[in-house]
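Engineer: How does the following fold in three dimensions:
(one chain, ligands or ions: 1)
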Amino acid sequence: MSTRSAGGTNRVAGTSGGMIASPGEVLRAAGRLIAADRWTVAGMLTLGSLAALAALGAPYLLGRVIDTVATGGGVSAVDGLALAVLGCAVAQTVLSRYALGVAYRFGERAAARIRETFVRRVLALPAAVAERVPTGDLVARGTTDVDQVAITLRDVLPGVFIGFVQMLFIVGAVVVLDPVLGIGGVLSLSGVWFLTRWYLRRARTVYLTEGAANSRLAEELAATTAGARTIEALGLHRQRLDAGHDAITETRRTRLASLALRSRFFPGVETIYAIPGVLVLLLGGLLYTNDLVSLGTVAAAVLYLRQLVGPLDAIMIYIEQMQSSGAAFARIEGVATIPVPVSAPVGVPDSDRIEVCGVRYSYGAGPDVLHDVDLTVRPGERLAVVGLSGAGKSTLGRLIAGVDRPTAGTVTVGGVPIADLPPDRLRRQVVLVTQEHHVFRDTLRANLMSPAPDEDLHRALRTVGADWASDLGRDLAADPLDGAQAQQLALARVLLADPHTVILDEATALLDPTAARTAERALAAVLHERTVIAIAHRLQTAHDADRVAVMHDGRIIELGTHDALLSADGPYASLWHSWHGDATQQAPSAT
Ligand code: ADP
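Structural biologist: Purely as a prediction, here's the structure:
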């Protein structure tokens, strides 16, 4: 069994805990979102400011009502003031509604941009890198994290922009109204500042830990689901249950930690909110009895300070959400920090010759699985690669197909490193056909992944014997293909890509014998006039090939024609004899 089962993929360094954007990168990303929609943001701020201005009217006017009554003013004066209060309230409501409308539009658009950027970045990862990023982790980033940031952008950020403007206006108004009461009241709120700093020092770590635990849980679940058959076959239920249980316990622990932090922060903030009201009433009472302020001014100051709680609360919620969604955003942006090997500008291959020179390869930090492999593939030849399972045949195939790049040495086509070729150019050189045929949930036409005109698509499908494929618009999500059809589709893709070299990695091994015969005919049509490197699971393939490379323990230990290797009486000869001996009963697998 290879190490590819049950989540045993080779991981990108750091995995779930890694791939985190720095606070600076997150800020820059947020700046880009705002810049991309600057007019909407400007509109939101303008409307928010006007709403905040309208909100300032009511407390001031109520103060005047109290003073008018205290000094024995007439009913009509009070009526006039009350009407003005009503006018302010209406104006505030209408302006706030439009401000929020504009803000939501900004939030939704920004959320959409984040999603699109995320998907674009993931799709732009070279296949070899993407394969090593744990799937569950990517899924958690692309769903839970993106949702969290989207909710913050849509629901919280607009409220906060507006809240911030309101807060500035209210502080200004209360200080202008009465500097002593105003400054005293605002200063008494300074506890919020210290408490918030205390909170912020802890929050990023707590939320990042929580995000990593979520990812690990998703990863464990994905691994268990993906490896269900292996788990069943090897009786690994207990281990997988334990792993799942550990991941859940860890998620619970990190969630409790963040909850504990919140449940100290918020009650603390609420308590501090009560202080200015009390202080201004005491201070105001003292000033009033000494005839230094009017009753209305004290009342207005208290009302203003009460009004401050609304925007302050919005900002506190923002800070809270900002911590968790900041961590989520850092994880989303972190995808941009995945190290992608930079390739030097590539030349154009000057021939179809593939050369493997002094190649070593290891999966991640593991041991070398290929050692000093040298091989020249002659254009037009059929080369079979044989050897026991784990000998390194598939790995060599992946290197020649440009899926992975060698740890040392070079793999070139016409003098150009294969793995450096951009995907569209690579497809025209070498294509790897494996047992896995991915069918996208899309139309047949889209699944052929070729810009060629419909007649060419039909011709390719006919060549591979896909008689069922008359309708290119067939929706393969609603009307799925069976295994043999999926393989024909894969072969049609190869025909359309038209590479000079095809690598077959057990391409027909999964099919039942009847289907295999049809598939082999289709394959023959595809391989016509191309260089073929067949990773052979049946030695018959080796017999029919122009040359055979025998691999053992990551090395090519023999290379030559079938006949030459047989007469050399080395490892290939013994493989051949042991296979040929019982080939009449059953065709065993050499891999
Ligand atoms: P073969 O195709 O001859 O069966 P492979 O190329 O699949 O051999 O494997 C060669 C070695 O590399 C084996 O020891 C295998 O366990 C290891 N290997 C293969 N794929 C991976 C992977 N994704 N991560 C880590 N090790 C791997």
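
Engineer: Phi, psi for the nearest residue to residue 422 once chain neighbours are set aside please.
Structural biologist: Closest residue in space to residue 422, ignoring its immediate chain neighbours: residue 346 at 7.5 Å, by C-beta to C-beta, 6 or more residues apart in numbering. Using the backbone N, CA and C atoms, a C-beta is placed for each residue, glycine as well. Summarising the backbone geometry of residue 346 under the convention degrees, to the nearest 10, its torsions are phi -90, psi 150.

Engineer: I'd like the distance from residue 346 to the ligand, if you could.
Structural biologist: When C-beta to the nearest ligand atom, to the nearest Å is the yardstick, residue 346 and the ligand sit 26 Å from each other.

Engineer: Count residues in the vicinity of that residue, would you?
Structural biologist: Other residues near residue 346 number 15, with proximity taken as other C-beta atoms under 10 Å.

Engineer: give the contact list for it.
Structural biologist: Shown here is residue 346, whose contacts under the criterion C-beta atoms under 8 Å, 6 or more residues apart in numbering are 416-417, 420-422, 425.

Engineer: likewise residue 503?
Structural biologist: Residues counted as contacts of residue 503 (C-beta under 8 Å, 6+ apart) are 397, 400-401, 430-433, 532-535.

Engineer: repeat for residue 110
Structural biologist: With contact taken as C-beta under 8 Å, 6+ apart, residue 110 is in contact with 33, 36-37, 153.

Engineer: could I get those as CSV with pLDDT, distance to residue 338 and secondary structure?
Structural biologist: As requested, the contacts of residue 110 are exported to CSV (pLDDT from 0 to 100; distance: C-beta to C-beta, whole Å; DSSP: H, G, I helix; E, B strand; the rest coil):
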residue, pLDDT, distance to residue 338, secondary structure
33, 89, 21, helix
36, 92, 23, helix
37, 90, 27, coil
153, 80, 24, helix
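
Engineer: Which of the residues you listed are buried, as a PyMOL select command?
Structural biologist: Those of the contacts of residue 110 that count as buried under 16 or more other C-beta atoms under 10 Å are selected in PyMOL with:
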select buried, resi 33+37+153
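
Engineer: Mind naming the longest helix for the protein?
Structural biologist: If you go by DSSP state H, the chain has its longest helix at helix 237-289.

Engineer: coming back round to it: quick check, nearest of the contacts of residue 110 to residue 225?
Structural biologist: Using C-beta to C-beta, residue 153 comes nearest to residue 225 of the contacts of residue 110, at 31.3 Å.

Engineer: okay, now the closest residue to the ligand within the stretch 101-250 of the chain: neighbour count?
Structural biologist: Using C-beta to the nearest ligand atom, the closest approach of the stretch 101-250 of the chain to the ligand is made by residue 131 at 7.6 Å. Residues contacting residue 131 under the criterion other C-beta under 10 Å number 16.

Engineer: Lowest-confidence one in the contacts of residue 503?
Structural biologist: In terms of pLDDT, the lowest of the contacts of residue 503 is residue 433, showing 87.

Engineer: What residues are bridge-paired with that residue?
Structural biologist: Assessed by DSSP bridges, residue 433 has beta-bridge partners residue 504.

Engineer: For the remainder of this discussion, apply numbering that starts at 238.
Structural biologist: That works, and once the first residue is 238, the last one we named lands at residue 670.

Engineer: residue contacts, it?
Structural biologist: With contacts defined as C-beta under 8 Å, 6+ apart, residue 670 is in contact with 727-728, 731, 739-742, 744.

Engineer: Please report how far it lies from residue 774.
Structural biologist: 13 Å (C-beta to C-beta, to the nearest Å).

Engineer: How about residue 395?
Structural biologist: Spatial separation of residue 395 from residue 774 under the definition C-beta to C-beta is 60 Å.

Engineer: Can you give the contact residues for stretch 780-789?
Structural biologist: Under C-beta under 8 Å, 6+ apart, the answer for stretch 780-789 is 612, 615, 618-625, 628-630, 633, 769, 771, 773, 779, 793-799, 802, 807-809, 812.

Engineer: quick one: which of those sit in strands?
Structural biologist: 612, 619-624, 769, 771, 793-797 (DSSP state E).

Engineer: give me phi/psi at residue 766?
Structural biologist: Backbone torsions of residue 766, given as degrees, to the nearest 10, read phi 60, psi 30.

Engineer: And for residue 606?
Structural biologist: Note on residue 606: backbone dihedrals following degrees, to the nearest 10 are phi -110, psi -10.

Engineer: okay, it: pLDDT?
Structural biologist: Among the per-residue scores, residue 606 shows a pLDDT of 95.

Engineer: so it makes contact with residue 630?
Structural biologist: No: the pair formed by residue 606 and residue 630 falls short of the contact definition of C-beta atoms under 8 Å, at 10.6 Å.

Engineer: which of these two has more neighbours?
Structural biologist: Neighbour tally, residue 606 and residue 630, criterion other C-beta under 10 Å: the higher count belongs to residue 630, 26 against 19.

Engineer: Provide a list of residues in contact with that one.
Structural biologist: 622-624, 742, 772, 788, 828 are the contacts of residue 630 under C-beta under 8 Å, 6+ apart.

Engineer: Just want the residue of the stretch 638-787 of the chain that's nearest the ligand.
Structural biologist: Minimum separation of the stretch 638-787 of the chain from the ligand (C-beta to the nearest ligand atom) falls at residue 772, amounting to 6.5 Å.

Engineer: Residue 529: what secondary structure?
Structural biologist: For residue 529, the secondary structure call by DSSP: H, G, I helix; E, B strand; the rest coil comes out as coil.

Engineer: no wait, residue 668
Structural biologist: strand.
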